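[1] Next comes the sequence, and after it the predicted model I'd like to discuss.
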Amino acid sequence: MIEIGFFYLFSGLAVFSALGVILSGNTMYSVMWLILCFFNASGLFFLLDAEFLGIVLILIYVGAVMVLFMFVIMMLEVNKAAKREGWLQYLPVGGMITLILFIELVAASTSGIFTSDKMMMMSHAGAEVNNTVEIGKILYTEYLLGFEIAAIILLVALVGSIVLTIRERKDAKYQNISQQVKVRKEDRLRKVSM
Amino acid sequence: MDFLDMVLQVLIWALEIVAIVLPVALAVAYTTYAERRVIGWIQVRQGCNRVGPYGLLQPLADGLKLFMKETIIPAKANKFLFVAAPVMALTPALLAFAVVPFGETSLFGFWDEPHVMAIADLNVGILYVMAISSLAIYGILMAGWASNSKYALIGAIRATSQMISYEIAMGFSIVCVLILAGSLGLSDIVNAQAGGILHWYFIPLFPMFIVYFISGAAETNRSPFDLPEGEAELVAGFFVEYSGMWFAIFALAEYAAMILIALMTSILFLGGWYPPFEFLDFIPGTVWLLLKTSVLIFVFIWFRATFPRYRYDQLMRLGWKVFLPWTLAWIAVIGICTYAGQISESLSFLSDAIGFYQPWR
């Protein structure tokens, strides 16, 4: 009973905040709405006994990804008037995407694969089942290859972005800390006999 | 569960929350007092000693003074976010205390088995602390942006990049603890260190202990990493436009975060509520935990009195080029040691040695 109440609370707030993301005029507010949306999504994970996923969603998306988003948005000078104009121009494309997504959702929910007797969790796993342990067991045995490939792709993306943005400036002076630390008195001081 | 049970449960939760939040608020107030006295002592002067005996009422006087002051909101500031930012900074700092286990108690023999003294003993406790404490950035970012001031904005940007950089090193040093303890739950991590000072994780993870503690200082914007509020170049950093009670809330959040880092360091590396020697068992565990925390807070204050502030590029270098490789290397060291025995019989002394710290094996 309470669980259903919480489900409607989280999912309703998630939809509401998702609307807030696209409808609010201030980009800063949009980011805040998106953060609220992530929190509600992680609340839904908690209701499904997936506390590891819920916490990781907050840790990665709210704690790191959205911070970088906000970092960029903070620097932008958003012209509100310019944002409003030209929305008619994007209406056909946007409308088409909306329509396709809508048809897909309706088709999926009426297809019978997601009916409640197949998908619904009949009861919660007991306290002795550790969500983190279960995910770890399956991720590092059955799906090890996929997991490793995903990790490598992420690493390549990371290195790639660093390579793209790094610029070694010739005219700038850089510190060599280990060299500085290694300096001894004899390197700098010279005794002069007068 | 009928209605009466639910009301009783809610009452118990409320009591638990009050029992954590009030001591935290008091501890924050008296950490500021301790900081002033200790720095005074280090710098051979008195510190605050006017209000009350030994100046003990000084934090209350300061609080009252800040409370009575007028709150000024800049004309061009975003008023809603300007007011919301301090709240957003304080909330995560207090929320994280919900999972901190302060000890084990059987309530003077009332329960048969000892219960962990925490509002919620989550089995992903350490991840929860990481996730919640990373939210503190939003308060700072909001404050910097909503103030509509150059200094505040630069302070907020510095704070953000600093926090993100050091969070990675912190996360990796926690991974080492997890490999040893085999659990994400804070009470499990403490219980894995039971049995005296030799079982504490700062021995096999000594570099990680140092990395975690220093990253904690950087994460909470403590000196010598207090660049976001570097007064020489940024006046006061992200809270330059704040005054009165809203300013005090930022200070409150900062000190609460510092206490949290000290608590987490003692839980992860210094054996939590366990005494260093078995024969000291008669002293309650909570006293030991708070004692360790107080020592670490003293070290934080000592840092502040001793070290000059880092330069910004040196700060980034320390985070990315020193701490990150060390933590990654130590994860490899611990991981290889754990499974060395399975690779060849001659290496099994390594896994035996590390197995001393791994109760899950």
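    On my side now, so go ahead.
[2] What number of residues are in the vicinity of residue B:200?
    Each residue near residue B:200 was counted by other Cβ atoms under 10 Å in any protein chain shown, and the total is 23. Glycine gets a C-beta too; all of them are placed from N, C-alpha and C.
[3] cool, and the one 4 residues further on?
    One way to gauge burial is a neighbour count; for residue B:204, by other Cβ under 10 Å, it gives 24.
[4] if I pick it, what's in contact with it?
    Contacts for residue B:204 were tallied using Cβ atoms under 8 Å, 6 or more residues apart in numbering or on different chains; they are B:180, B:334, B:354, B:357.
[5] Confirm that it lies within a strand, as I assumed.
    No - with the criterion set as DSSP: H, G, I helix; E, B strand; the rest coil, the secondary structure at residue B:204 is coil rather than a strand.
[6] State the distance from the residue lying closest to residue B:192 once chain neighbours are set aside to residue B:189.
    For residue B:192, ignoring the flanking residues on the chain, the nearest one in space by Cβ to Cβ, 6 or more residues apart in numbering or on different chains is residue B:181 at 4.2 Å. Applying Cβ to Cβ, to the nearest Å, the value for residue B:181 to residue B:189 is 4 Å.
[7] Same question for residue B:71.
    Plainly put, residue B:71 is 42 Å away from residue B:189 if you go by Cβ to Cβ.
[8] So for these two, which sits in the more crowded spot?
    Neighbours per residue, other Cβ under 10 Å: of residue B:71 and residue B:189, the larger number sits with residue B:189, 25 against 13.
[9] So which of the contacts of residue B:204 belong to helices?
    Members of these lying in helices (criterion: DSSP state H): B:180, B:334, B:354.
[10] For the spatially most central residue of chain A, which residues are in contact?
    Averaging the C-alpha coordinates of chain A gives a centre point, and the residue nearest to it by Cα atoms, centre = their mean is residue A:61 (3.0 Å). Taking Cβ under 8 Å, 6+ apart, we find residue A:61 in contact with residue A:38.
[11] in a helix, that's where it is, yeah?
    Yes - inclusion of residue A:61 in a helix is indicated when three-state DSSP is applied.
[12] these two touch, right, the residue nearest to residue B:192 and residue B:188?
    Yes - if you go by Cβ atoms under 8 Å, residue B:181 and residue B:188 touch, sitting 6.2 Å apart.
[13] which one of these two has more residues nearby?
    Taking neighbours as other Cβ under 10 Å, residue B:181 and residue B:188 compare with residue B:181 leading, 23 against 19.
[14] residues in contact with the more buried one?
    Contact criterion Cβ under 8 Å, 6+ apart gives B:188, B:189, B:192, B:193, B:201, B:358, B:359, B:360 as the residues in contact with residue B:181.
[15] quick one: secondary structure of residue B:101?
    When states are read from three-state DSSP, the local structure at residue B:101 comes out as coil.
[16] pLDDT at it, what is it?
    Here the pLDDT value assigned to residue B:101 is 87.
[17] Please work out which residue of chain A is closest to chain B.
    Ranked by Cβ to the nearest Cβ, the top residue of chain A for proximity to chain B is residue A:63, at 3.3 Å.
[18] Can you get me a residue count around that residue?
    Here the neighbour count serves as a burial measure; for residue A:63 (other Cβ under 10 Å) it reads 25.
[19] Can you get me a residue count around residue 137?
    Using chain A. Other residues lying near residue A:137 total 11 when counted by other Cβ under 10 Å.
[20] I was thinking of chain B, sorry if that wasn't clear
    For residue B:137, the tally of surrounding residues (other Cβ under 10 Å) stands at 27.
[21] go on, residue A:143?
    For residue A:143, the neighbour count with other Cβ under 10 Å is 12.
[22] pLDDT score assigned to it?
    pLDDT recorded at residue A:143 is 91.
[23] cool, the one 10 residues further on as well?
    According to the model's per-residue confidence, residue A:153 sits at a pLDDT of 95.
[24] ok so, going back, tell me the two of the contacts of residue B:204 that are most distant?
    Using Cβ to Cβ, the contacts of residue B:204 reach their maximum pairwise distance at B:334 and B:357, which is 9.2 Å.
[25] can you list the residues of the stretch 51-200 of chain B near chain A?
    B:78, B:81, B:122-124, B:127-128, B:130-132, B:134-135, B:137-138, B:141, B:144-145, B:153, B:156-157, B:160-161, B:164, B:167, B:184 (Cβ under 8 Å from any Cβ of the partner chain).
[26] Now with 6 Å, please.
    By Cβ under 6 Å from any Cβ of the partner chain, the part of the stretch 51-200 of chain B that sits against chain A consists of B:123, B:124, B:127, B:128, B:130, B:131, B:134, B:137, B:141, B:145, B:160, B:184.
[27] Of those, which pair is most distant in space?
    B:123 and B:145 (36.6 Å).
[28] where in the chain is pLDDT low?
    Let's take chain A. Regions of chain A meeting the criterion pLDDT under 70 cover residues A:77-86, A:115-128.
[29] Switch to chain B, please.
    Looking along chain B with the criterion set at pLDDT under 70, you get B:1, B:106-109, B:230-232.
[30] What number of residues are in the vicinity of residue B:317?
    Around residue B:317 there are 15 other residues, counting by other Cβ under 10 Å.
[31] One more: residue B:179?
    Per other Cβ under 10 Å, the neighbour tally for residue B:179 reads 20.
[32] longest helix anywhere in chain A?
    Taking DSSP H as the assignment, the helix of chain A that covers the most residues is helix A:87-110.
[33] Tell me how far that helix lies from the chain's centre.
    With Cα atoms, centre = their mean, to the nearest Å as the basis, helix A:87-110 stands 24 Å off its chain's centre.
[34] repeat for stretch B:296-311
    15 Å.
[35] That one: which residues count as buried?
    Of the residues in stretch B:296-311, those scored as buried under the neighbour-count criterion (16 or more other Cβ atoms under 10 Å in any protein chain shown) are B:296, B:297, B:300, B:301, B:303, B:304, B:309, B:310.
[36] Can that stretch be said to contact chain A?
    No - using Cβ under 6 Å from any Cβ, stretch B:296-311 stays clear of chain A, with a minimum separation of 9.4 Å.
[37] Run through the helices of the chain in chain order.
    In the absence of a named chain, this looks at chain A. Counting by DSSP H, residue ranges of the helices within chain A are A:2-23, A:27-47, A:51-57, A:66-75, A:80-84, A:87-110, A:116-119, A:131-139, A:144-165, A:177-182, A:185-188.
[38] Can you look at chain B instead?
    In order along the chain, chain B carries the following helices (DSSP H): B:3-42, B:58-68, B:79-95, B:125-133, B:136-146, B:150-181, B:186-191, B:206-219, B:231-234, B:244-268, B:285-306, B:312-317, B:324-343, B:348-355.
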